[in-house]
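Asker: Structure, please.
(chains A and B)
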Amino acid sequence: MLTSFAILTDGLVYAAYLFIVAIGLTLIFGVMKILNVAHGSFYAFGAYGAATAVGIYANADWPAALGFLFMLVLAMTIGLVMGIILERGLLRQVYGKDEVITVLVTYATFLILEDVIVLLWGPQSYAAYQPMVSAGNIEIGGLVLSNYDILLVAIAAALALLAYWSLKFTRYGWLLTTVIFDRETAAAFGVNVTLIYTVTFIIGAMLGALGGAVMAPKIAVTLGIGVEVIVLAFAVVAIGGMGSIEGALIGALIVGICRAAAVHLVPQLELFVIYGVMALVLVVRPYGLFVRAQPRKI
Amino acid sequence: MSGRGQLVGGLMFLFATAAAPLLPDWIVSLATVALANALVVLGLVVLWRAGLVSFGQAIYYCIGAYAVALTARWTGFRDAFALVVIGGVAAGLVAALIGFLLARYREIFFAMLSLALSMILYGVLVKTESLGSTDGFSVATPTFLGFAPHRDTLGLSLYWLTLGVDAVCAVLISAYYRSVAGALAAPIRDNEIRVEFLGVSVASVVHAKVVISGVLGGLGGALAALTIGHVDPNMSYWTTSGSFVFVTILAGASSVAAAFVGSLAYEAVRSFAFDLMPQLWQMTLGSVLLLTILFLPNGLGSLVSRVKRREEAKS
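Answerer: I've put the predicted structure just below:
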């Protein structure tokens, strides 16, 4: 009983993490048809930025809540700046080329940014555990949970609600939906697709950086964290269906629970289970659970 | 390959064979690794001609290498020729198996699924204590049909073996390019629905390409394992795949020779650039990749074909 409760809570926390990193990726893909490998860099920059912020406020003796807010704001500002530079400076050059070409462009960007991290922050790893420690623990049903993990789940849920609300009830969301549905028709009806692309990419980048920032207190911020994220986020997004927000949510929950079950029951399978689930889903639904049927164009 | 292309290729092969004894050992071993990796690149080119990119080609490289290392370790069997074949066959079998999944996908799905699969292998190898976990283990010194070369001649023997395997593969692959299945690559890339309307199963053509590239990857991994004398899980890591993709894009798919020249150039630049500025190595790679995609979308090989076309236009 305790084990299944532990699996459920661990799974939820992990799913929250996966959802936060996957939502930016799937948003950018849905709108722009770009699989943004550099999303891993956004995550890494967010995490490093958060670690720097924690270093600053831990020395300055600020209250914890303010420090946490400072951490998020700094990371998302980094995401904002990177998003603008990348979209305006680079990706505009390759719009309209093959999807594979744009993947390679973002992959090249990712490689460059990996070394930029080394230049800016050096090769050593950072610890940013203070927010997690100051959040404290809570005991529920004989299980000690970190308040920080609960906060993480709350952030993910808030993001999901926010995404749902803005897609369904705001003007920008409606425009976005038309672009996702058919870019050319939307442009023909006067939707400013170029602007939508820029705004979407920046939002996606900020979400990626946010993911890194909220995870920074839970992990060692070190080189190579971006890669793991991009592979995991891709697995989640592939399960849910590329470009689908609700798909990312369901995918994150499936992967999160399965991984937690594996960790508690058969720890050797931890890495394997994520890709195992993905392969299983793709065998049944080749393009994910929530993807709209695409007509074949000749 | 045209008659002239074959002649140039043959001359290059003879030159490479004859020049080796005159060169210092470290160049020979560097060239051996480069020529082994060139096979993996050749496999990626086979896919790239049909518009497919695999971000996880290192999975075959790693399987070929581990197949060789494990065969030598468990059975004590050390004949280089047989080991290389075993490496190629093992990777080919795995490719045939996962090909059933991969052949249904195109573009980014194909690329990212390959990446995910190679990372599974990496994860499994890292967790396997009996195979040395992240450290890997060393590969026994090979023999050549009963002949056991001494330290000094081992490098040369492996070099010639690699060169021989390369030559055979180059001839076979250029024959494949001229076959119907090979010639279908460009149409599949342009519009595969039309190809299907011609009565061809695109999925089985793609599956065949996956297997071919898998075998080439396995051969490359087997040769690299014998040359380096050590295998570790990094052979399946995404950076390994990334460097193969890098060479493929840089060299371009215009000819078979481009893969070999590209791989040699990459290895040469890497050994120098890595010494000079190890901190900026990935940045250098990324920048060159970006510049190639933006300004030379068909790779360095396209410069040669551009000159050739100009000559033809004149005559």
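Asker: use CA for all of it now, contacts and neighbours both
Answerer: Will do.
Asker: Lowest mean pLDDT among the helices and strands, pick that one out for chain A.
Answerer: Across the helices and strands of chain A, the lowest-confidence element by mean pLDDT, DSSP states H and E is helix A:130-135, at a mean of 74.
Asker: Okay, strands next: where are they in the stretch 51-200 of chain B?
Answerer: Counting by DSSP state E, counting those that start in this stretch, the stretch 51-200 of chain B has strands at residues B:137-138.
Asker: So which bits of chain A are right by chain B?
Answerer: Applying Cα under 8 Å from any Cα of the partner chain, we find that chain A lies next to chain B at A:35, A:93-94, A:99-101, A:103, A:105, A:107-116, A:118, A:231, A:234-235, A:268, A:271-272, A:275, A:283, A:286, A:298.
Asker: at 6 Å instead, please
Answerer: Counting by Cα under 6 Å from any Cα of the partner chain, the positions of chain A adjacent to chain B are A:100, A:108, A:111, A:112, A:115.
Asker: And the residues you listed, which two are furthest apart?
Answerer: Using Cα to Cα, the residues of chain A next to chain B reach their maximum pairwise distance at A:100 and A:115, which is 23.3 Å.
Asker: Relative to residue B:301, how far out is residue B:307?
Answerer: When distances are taken as Cα to Cα, to the nearest Å, residue B:307 and residue B:301 turn out to be 10 Å apart.
Asker: higher neighbour count, those two?
Answerer: Remark: of residue B:307 and residue B:301, residue B:301 carries more neighbours, 22 against 11, as counted by other Cα atoms under 10 Å in any protein chain shown.
Asker: Which pLDDT does the model give that one?
Answerer: At residue B:301 the predicted local confidence, pLDDT, stands at 70.
Asker: now swap in residue B:210 and tell me
Answerer: Predicted confidence (pLDDT) for residue B:210: 92.
Asker: quick one, helices of the stretch 101-250 of chain A?
Answerer: Using DSSP state H, counting those that start in this stretch, the helices assigned to the stretch 101-250 of chain A run over residues A:130-135, A:147-169, A:171-181, A:183-188, A:193-215, A:225-240, A:245-265.
Asker: Identify the residues contacting the third one?
Answerer: Contacts to helix A:171-181, defined as Cα atoms under 6 Å, 6 or more residues apart in numbering or on different chains, come from residues A:30, A:31, A:166, A:167, A:186.
Asker: Over to the second one?
Answerer: When contacts are taken as Cα under 6 Å, 6+ apart, the neighbours of helix A:147-169 outside the stretch itself are A:13, A:16, A:20, A:132, A:135, A:136, A:137, A:173.
Asker: What's the local residue count around the fifth one?
Answerer: As a burial measure, the neighbour count of residue A:135 was computed by other Cα under 10 Å and equals 16.
Asker: returning to that earlier point: quick one: which of the helices of the stretch 101-250 of chain A is nearest residue B:98?
Answerer: Checking the helices of the stretch 101-250 of chain A against residue B:98 by Cα to Cα gives helix A:225-240 as the closest, at 16.8 Å.
Asker: I'd like the average pLDDT over stretch B:25-45.
Answerer: The predicted model gives stretch B:25-45 an average pLDDT of 87.
Asker: go on, stretch A:147-161?
Answerer: Averaged across stretch A:147-161, the pLDDT comes to 89.
Asker: Please compute how far it lies from its chain's middle.
Answerer: On the basis of Cα atoms, centre = their mean, to the nearest Å, stretch A:147-161 is displaced by 13 Å from the centre of the chain it belongs to.
Asker: Ok, stretch B:125-137 next?
Answerer: On the basis of Cα atoms, centre = their mean, stretch B:125-137 is displaced by 24 Å from the centre of the chain it belongs to.
Asker: end to end, how far does it reach?
Answerer: Here the two ends of stretch B:125-137 are set 11 Å apart, with distance taken as Cα to Cα.
Asker: Show me which residues of that stretch are buried.
Answerer: For stretch B:125-137, burial by neighbour count (16 or more other Cα atoms under 10 Å in any protein chain shown) applies to B:125, B:126, B:127, B:131, B:132, B:133, B:134, B:136, B:137.
Asker: For these, give me CSV that also has pLDDT.
Answerer: Formatted as CSV, the buried residues of stretch B:125-137 follow (pLDDT from 0 to 100):
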residue, pLDDT
B:125, 84
B:126, 81
B:127, 79
B:131, 77
B:132, 75
B:133, 75
B:134, 75
B:136, 76
B:137, 81
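Asker: out of these, what pair is the most spread apart?
Answerer: Comparing all pairs in these by Cα to Cα, the longest separation belongs to B:127 and B:137, at 14.1 Å.
Asker: Okay, and residue A:82 sits in which element?
Answerer: Here residue A:82, judged by DSSP states H and E, is contained in helix A:64-89.
Asker: which other helices and strands contact that helix?
Answerer: With contacts taken as 3 or more Cα pairs under 6 Å, 6 or more residues apart in numbering or on different chains; DSSP states H and E, helix A:64-89 sits against helix A:39-60, helix A:193-215.
Asker: Could you figure out how far it is turned away from helix A:193-215?
Answerer: If you take axes from the mean of the first three to the mean of the last three Cα atoms, to 10 degrees, helix A:64-89 sits at 150 degrees to helix A:193-215.
Asker: chain center to helix A:64-89, what's the gap?
Answerer: Per Cα atoms, centre = their mean, the displacement of helix A:64-89 from the mean C-alpha position of its chain is 14 Å.
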